[in-house]
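**Q** Pasted the sequence and its predicted model underneath.
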Amino acid sequence: MDRSTQIKAMASEQRLHILRLLASPKTHFAGQWSADPEQFGVCMSLIAEALQIAQPTASRHLDILRQAGFITVQKHMKWSYCKRNDPALEDYLRWVATDLQLGSQARSA
């Protein structure tokens, strides 16, 4: 995985907000009727609506999260659904913690 893409994905408050919303999809997207938001994912248009941003803007944020591996996207009929990829997020957080820990030890030596 390209860590620079992951860092870029985490450098936006709106993208972090998306990840927070997708952590509890049934809570935040209970009104989604087309598919179970927890099992299948959340429709991109509902994510844009939750963020109060235009669909193309939301799509760009979601694409960056997808490129980073933090979400998966699957199409069903004419809609695209996004689901958080928790193992990828956990891997990234472990990498950051390890990298920063090693970095601080190297500087103090």
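**A** Now that the structure is in, tell me what you want to look at.

**Q** Kindly tell me how buried Gly31 is, as a neighbour count.
**A** Counted by other Cβ atoms under 10 Å, the residues lying close to Gly31 total 8. (C-beta placed from N, C-alpha, C; glycine too.)

**Q** separation between it and Val42?
**A** For Gly31, the distance to Val42 (Cβ to Cβ, to the nearest Å) stands at 11 Å.

**Q** shouldn't Gln14 be in contact with His61?
**A** Yes - look at Gln14 against His61 with Cβ atoms under 8 Å: they come within range, at 5.5 Å.

**Q** which one of these two has more residues nearby?
**A** Neighbour count, other Cβ under 10 Å: between Gln14 and His61, His61 has more, with 21 against 12.

**Q** What's the separation between that one and Ala97?
**A** In terms of Cβ to Cβ, His61 sits 25 Å off from Ala97.

**Q** Same question for Ile64.
**A** Counting by Cβ to Cβ - Ile64 and Ala97 are separated by 22 Å.

**Q** Mind checking which of the two has more residues around it?
**A** Between Ile64 and Ala97, counted using other Cβ under 10 Å, Ile64 has the larger neighbour count: 20 against 10.

**Q** The more buried one falls within a strand, correct?
**A** No - in this structure, Ile64 is helix, not part of a strand, as judged by DSSP: H, G, I helix; E, B strand; the rest coil.

**Q** any idea what sits nearest it, other than its immediate chain neighbours?
**A** Counting by Cβ to Cβ, 6 or more residues apart in numbering, Ile64 lies nearest to Ala9, which is 5.1 Å off, once chain neighbours are set aside.

**Q** element containing that neighbour?
**A** In the assignment (DSSP states H and E), Ala9 maps to helix 3-10.
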